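Colleague: structural data only, the sequence is not supplied:
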């Protein structure tokens, strides 16, 4: 299998982000909250990306912040796909009032922008990783529900699914053994898009002060902490913003490659 250059670049860059997140304590030159230099120092041999608003090493905080950002985005994306795919498949296979009820609930949730809902909910709940992941996962599951329901509706009319129903297979068998394997390709491609949405979402919440809280750090919080430096021509706020952009581009390159390889749904045997 020949991998296009763009996809290869995306894979390498994404892998680099993941590895740096996994091994942050061993890669980061300095502790996350250690003030090791002067305020807003420029890049140097000692501080490769300079220092921030209180003299902390930006590179170290980028590495630690990346581990938090990627962890929250990944876990919330897995949660949203678990919930959205299950209920989407259930709605498509059962139909009737179950399909109608679930679809109307999702429509109601999607009628209000996710950011507004998150800001309202997080303003009254404790700000910790568990709450953030749950809120992000539930809100994003509505998009996954719409996709999985549409994909499953096309698969549910295939001959092998009808045969499974005639054999008397249970609902769980039909969902996990007949529909899920044939819906995996578009769902995997969509997962990359939803992961990037989660990265941008948690960064936005942190920039507004309702995301990751100290002593932890993430890229959105780093932008908020150093935004005043832009007035004085300091680039400390641009480094985490650049990291967000590079991660988004790299994952999108991989997702685009998967989408290109995803053929139209086939009617072959799925179980």
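Modeller: That came through, no problem. Keep in mind the model is a prediction, meaning the values are calculated, not measured. Numbering: from 1, shown residues only.
Colleague: for residue 220, give its distance to residue 240.
Modeller: 7 Å (Cβ to Cβ, to the nearest Å). (C-beta placed from N, C-alpha, C; glycine too.)
Colleague: neighbour-wise, which of these two wins?
Modeller: Counted by other Cβ atoms under 10 Å, residue 220 and residue 240 do not tie: residue 240 has more neighbours, with 30 against 26.
Colleague: that one and residue 222 touch, don't they?
Modeller: Yes: using Cβ atoms under 8 Å, residue 240 is in contact with residue 222, at 3.9 Å.
Colleague: quickly list what's touching both of those two.
Modeller: Common contacts of residue 240 and residue 222 (Cβ atoms under 8 Å, 6 or more residues apart in numbering): 62, 65.
Colleague: how close does the residue lying closest to residue 115 once chain neighbours are set aside sit to residue 151?
Modeller: Nearest non-adjacent residue to residue 115, counting by Cβ to Cβ, 6 or more residues apart in numbering: residue 204, 6.6 Å away. Distance, residue 204 to residue 151, by Cβ to Cβ: 29 Å.
Colleague: who's more crowded, the two?
Modeller: With neighbours defined as other Cβ under 10 Å, residue 204 and residue 151 compare such that residue 151 has more, 23 against 16.
Colleague: what comes up buried for the helix or strand where the more buried one lies?
Modeller: Per DSSP states H and E: residue 151 is located in helix 129-155. If you call a residue buried by 16 or more other Cβ atoms under 10 Å, then helix 129-155 has these buried ones: 132-133, 135-149, 151-153, 155.
Colleague: what helices or strands is it leaning on?
Modeller: Packing partners of helix 129-155 (3 or more Cβ pairs under 8 Å, 6 or more residues apart in numbering; DSSP states H and E): helix 58-94, helix 96-110, helix 114-122, helix 180-207.
Colleague: if you count neighbours, what's buried in stretch 230-243?
Modeller: Neighbour-count burial for stretch 230-243 [16+ other Cβ under 10 Å]: 234, 235, 236, 237, 238, 239, 240, 241, 243.
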